[in-house]
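*Asks:* need a structure here:
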Amino acid sequence: MKKLLALFLACTMVLGLASCKEQDEEEKNTLTAEKTVATMQDPIDALARCMVENNLEYNPEDPDFFWTALYYFAGGYGLKHEGVEELTDTYQLKVPSTVMEEYAIALFSDYKGLPELPEIMQGNVSYDENADAYLLSEGDIGLSETKLGDIKETKDGYTLVAELTGTDEEEELIASFDVTLIRNTFADEIENPLYLCSVSSMKMTQKEGADVSEGGTATLIPDETITATFNGLSDAHTAEMTLSEGDIRAFQFDAESAAGKIISGLNEGDVVTFGYIVDKRNGSYVIVSAE
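*Replies:* Residues are numbered from 1 along each chain as shown. As a prediction, the model looks like this:
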């Protein structure tokens, strides 16, 4: 009887130790996932602010989006990298092209090389051929932060939810995203890599004051809807309008959006009704709907 009891207790201890070992292993894996994903806080935040503030979808194939996101990332977090230099005389950051590539790899898992700077980057980013570096103004992150949660490990990386929130007491939700990460294969070639993953996809799922369609595109609710006379385009993204009271005002628009295509197709003197928002970053007026 005593032998049976001893055997029973021994089995119980073995099973208990195995259970503890499995639990410890699970906790270790969870901790490793959280630490790995935490290295992606800055690039995901840069993408979130870029997409929200410019009403853009994640699309690395579009040079405008590619460089706008890269500008948000390098401008906002460049000083965290030991290879980035702050030029105090011009208030710019000097980012070596190798560092800019490191940033791009974190933002875009299918990175194939830095495309040429598009027209929209003029005045924001320039390339110094002699130094093989990019010069850009230091960005303003603003009163928001991105929180990462609901982390799940996949075969190639992780999925998670990112929430862009205000930094005030209410921490009001600005937008949320479904993010897919894959392990950064280039990190093995970098000494002390900062970013252990690359963003594979990032889809906006919710936005304050916006209706997010199944395709993930946020349709902004206009601050105001007005009727005005179209005077013509001053450039591919700016329309001049004469308001009902006679004032002339410039409005920005996304040429690829539904509203932008309507505006681009107008003739001088046409009357159009459109909705717009005021970009809080620079005070510009941005058309978000038109009929």
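*Asks:* Give me the helix or strand of this protein that scores worst on average pLDDT.
*Replies:* Lowest mean confidence among the helices and strands of the chain (mean pLDDT, DSSP states H and E): strand 210-212, at a mean of 53.
*Asks:* Which residue lies nearest the spatial centre of the protein?
*Replies:* Within the chain, the residue whose C-alpha comes closest to the C-alpha centroid is residue 47; the distance, by C-alpha atoms, centre = their mean, is 0.8 Å.
*Asks:* remind me which residues of this structure are low pLDDT?
*Replies:* Within the chain, the stretches falling below the threshold (pLDDT under 70) are 1-31, 169-170, 208-221, 280-282.
*Asks:* Which parts of it are helices?
*Replies:* In order along the chain, the chain carries the following helices (DSSP state H): 2-38, 41-54, 63-77, 97-107, 258-264.
*Asks:* residues contacting the residue nearest to the centre of the chain?
*Replies:* Under the criterion of C-beta atoms under 8 Å, 6 or more residues apart in numbering, the contact list for residue 47 reads 58, 69, 72, 73, 107, 177, 199, 202. C-beta coordinates here come from the backbone N, C-alpha and C atoms, glycine included.
*Asks:* and what of residue 245?
*Replies:* Taking C-beta under 8 Å, 6+ apart as the criterion, residue 245 is in contact with no other residue.
*Asks:* Ramachandran coordinates for it?
*Replies:* Main-chain dihedrals, residue 245, degrees, to the nearest 10: phi -90, psi 0.
*Asks:* i'd like the first residue to be 27 from this point on
*Replies:* Noted, 27 is the first residue going forward, which turns the last one into residue 271.
*Asks:* so how far is residue 295 from it?
*Replies:* 18 Å (C-beta to C-beta, to the nearest Å).
*Asks:* what does residue 150 give?
*Replies:* Relative to residue 295, and taking C-beta to C-beta, residue 150 is found at 34 Å.
*Asks:* Give me the more crowded residue out of the two.
*Replies:* For residue 150 versus residue 295, the count of surrounding residues by other C-beta atoms under 10 Å is larger for residue 150: 15 against 10.
*Asks:* The more buried one reaches residue 97, doesn't it?
*Replies:* Yes: counting by C-beta atoms under 8 Å, residue 97 is a contact partner of residue 150 at 5.8 Å.
*Asks:* Now the common contact residues for these two.
*Replies:* With contacts taken as C-beta under 8 Å, 6+ apart, residue 150 and residue 97 have residue 162 as neighbours in common.
*Asks:* Which residue comes closest to residue 122 once chain neighbours are left out?
*Replies:* The shortest distance from residue 122 to any residue that is not its chain neighbour, by C-beta to C-beta, 6 or more residues apart in numbering, is 4.8 Å, and that residue is residue 159.
*Asks:* May I see the buried residues of stretch 253-260?
*Replies:* Within stretch 253-260, the residues that qualify as buried are 254, 255, 256, 257, 259, counting by 16 or more other C-beta atoms under 10 Å.
*Asks:* just stretch 300-317 next, same as before
*Replies:* Within stretch 300-317, the residues scored as buried using 16+ other C-beta under 10 Å are 300, 301, 302, 303, 311, 312, 313, 314, 315, 316.
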